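Asker: here is my input, please return the structure:
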Amino acid sequence: MSARRSPGRRPPARRPRKRRPSRRKRQEEQFLVLAGGGVMAAAVVWVVLSWLVANWWILIVLGAAAAVGGAVWVHRLQQQRAWDRVRQQALRYGLPQLDALHHRDFEYAIRDLMLRDGCTDVLATAPLGRTWVIQCKHRRDGDRGPVVGTPDLQRVNGTARQLYGADIVLVVTNGRFSTRCPPLAAQLHMHLADRRTLTTWAGSGRPLWELLPKIPAPRRNR
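Answerer: Numbers count the residues shown, from 1 in each chain. Down below sits the predicted model:
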């Protein structure tokens with residue numbers, strides 16, 4: 001007897017591969033999408049413009065409202081600046097008030113006094129163009145506290161002119177300077193504002209440069 005042969009297995013049928021669209025075709029599709037979007041955007045703009053032309057009075061109303069709103073904003077800004085100037089010009093500090101401040105708040109008070117006198121920036125550029133660099137030395141106990149000594153003057157002198165281009169270098173304190181400070185300040189062309197000068201400056205409307213001797217000539221005239 002002859003043995004039956006089992007039928008052999010057929011190989012699985014291969015699925016046809018999907019062809020990827022060519023690069024050119026993809027570019028064409030992208031162009032069509034962009035073109036379609038551009039047409040829709042142009043159509044929307046055309047509809048809006050046609051509506052505005054038909055309703056031109058709305059443009060006049062909107063323009064008038066914008067002009068009124070801008071005028072009101074400018075007026076309020078001018079008023080705010082005017083009130084700020086009034087408040088600055090009316091700024092006064094009593095010496096007990098300055099003594100009670102924290103050292104950082106004392107620096108802010110000196111800054112505000114310079115702004116009151118017409119200075120324009122953090123380096124205290126005076127109205128006549130002179131740049132001030134000010135070192136503040138606050139003493140909680142006033143003139144009974146530690147004196148301000150020559151090392152304090154030397155430190156500020158080493159940076160004020162080289163780094164900041166100062167025309168006027170000032171050390172101001174609510175306390176007192178040592179006896180060696182005035183000669184050194186004169187040698188270094190620096191200025192000192194002690195407790196007495198600070199009292200006059202902070203309690204009146206006079207600018208500081210009217211209270212200090214031998215202030216340099218202004219850089220420019222206004």
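Asker: now do the helices in the protein.
Answerer: Using DSSP state H, the helices of the chain run over residues 23-54, 56-89, 95-99, 103-116, 150-164, 181-188, 195-203.
Asker: what's the neighbour count on residue 120?
Answerer: Other residues lying near residue 120 total 12 when counted by other Cβ atoms under 10 Å. No exception for glycine: its C-beta is placed from N, CA and C like everyone else's.
Asker: burial count for the residue lying closest to it once chain neighbours are set aside?
Answerer: Leaving aside its sequence neighbours, residue 120 sits nearest to residue 127 (Cβ to Cβ, 6 or more residues apart in numbering; 7.8 Å). Neighbourhood size, residue 127 [other Cβ under 10 Å]: 14.
Asker: repeat that for the one 5 residues further on.
Answerer: For residue 132, the neighbour count with other Cβ under 10 Å is 20.
Asker: ok, and the closest non-adjacent residue to it?
Answerer: Residue nearest to residue 132 in three dimensions, not counting chain neighbours: residue 124, with 3.9 Å by Cβ to Cβ, 6+ apart.
Asker: wait, doesn't the residue nearest to residue 120 sit right on residue 118?
Answerer: Yes: using Cβ atoms under 8 Å, residue 127 is in contact with residue 118, at 4.3 Å.
Asker: need the helices of the chain in TSV (columns: mean pLDDT and mean neighbour count).
Answerer: Output for these, formatted as TSV (pLDDT from 0 to 100; neighbours: other Cβ atoms under 10 Å):
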stretch	mean pLDDT	mean neighbour count
helix 23-54	77	10
helix 56-89	68	10
helix 95-99	94	15
helix 103-116	93	17
helix 150-164	89	15
helix 181-188	96	15
helix 195-203	95	18
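Asker: now those in TSV, with distance to residue 141?
Answerer: Shown next, in TSV, are the helices of the chain (distance: least, Cβ to Cβ, whole Å):
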stretch	distance to residue 141
helix 23-54	73
helix 56-89	30
helix 95-99	8
helix 103-116	13
helix 150-164	17
helix 181-188	18
helix 195-203	11
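Asker: of the ones you listed, which is nearest residue 219?
Answerer: Residue 219 sits nearest to helix 150-164 of all these, at 14.4 Å, using Cβ to Cβ.
Asker: one step back: ok, now which ones touch the residue nearest to residue 132?
Answerer: Contacts for residue 124 (Cβ atoms under 8 Å, 6 or more residues apart in numbering) come out as 111, 114, 131-134.
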